[in-house]
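Peer 1: Sequence first, predicted model second:
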Amino acid sequence: MATKKKSGRKPSAAFMKPMTLSAALGEVIGTKPIPRTEVTKKLWAYIKKNGLQDKKNKRMIHADDALRPVFGKPLVNMFEMTKLVSKHLK
């Protein structure tokens with residue numbers, strides 16, 4: 001018997017709209033326009049793949065040479081990261 005699934009929150013259209021990435025951010029996660037949610041996913045994948053999270057405090061991210069132009073500083077926390085990255089999206 002098929003039961004109708006209650007739909008939860010609908011994703012905001014603004015979050016799903018493909019964004020144009022800056023050159024600095026494009027260097028890290030690719031240059032094609034993608035939604036903001038995908039930008040965050042790809043950034044986290046990059047951070048984990050390159051072991052950029054602080055060992056003791058996982059909320060802190062060490063910027064490597066590729067991320068430094070995006071963040072503008074060598075160390076950011078994960079909440080600050082989304083704010084800094086939004087400056088690189090149009």
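Peer 2: Arrived safely, thanks for sending. Residues are numbered from 1 along each chain as shown.
Peer 1: Contacts only, for T82.
Peer 2: In this structure, T82 makes contact with T40, judged by C-beta atoms under 8 Å, 6 or more residues apart in numbering. The way it works is simple: take the backbone N, C-alpha and C, and place the C-beta from them, glycine included.
Peer 1: mind checking the SS state of it?
Peer 2: State at T82, reduced to three classes by DSSP: H, G, I helix; E, B strand; the rest coil: helix.
Peer 1: K32 too?
Peer 2: Each residue gets one of three states, and K32 gets coil by three-state DSSP.
Peer 1: end to end, how far does stretch 54-73 reach?
Peer 2: 15 Å (C-alpha to C-alpha, to the nearest Å).
Peer 1: Would you mind listing the outside residues contacting that stretch?
Peer 2: For stretch 54-73, contacts defined as C-beta under 8 Å, 6+ apart pick out 22, 24-25, 27-28, 46-47, 50, 52-53, 74-79, 81, 84-85, 88.
Peer 1: ok, 7 Å please
Peer 2: Around stretch 54-73, the neighbours that count as contacts under C-beta atoms under 7 Å, 6 or more residues apart in numbering are 24-25, 27-28, 47, 50, 52-53, 74-78, 81, 84-85, 88.
Peer 1: Return the backbone torsion pair for the residue most central in space within the chain.
Peer 2: With distances taken as C-alpha atoms, centre = their mean, T40 lies nearest the centre of the chain, 2.0 Å away. Torsion angles at T40 (phi, psi; degrees, to the nearest 10) stand at phi -60, psi -40.
Peer 1: P18 - how many residues pack around it?
Peer 2: Other residues near P18 number 13, with proximity taken as other C-beta atoms under 10 Å.
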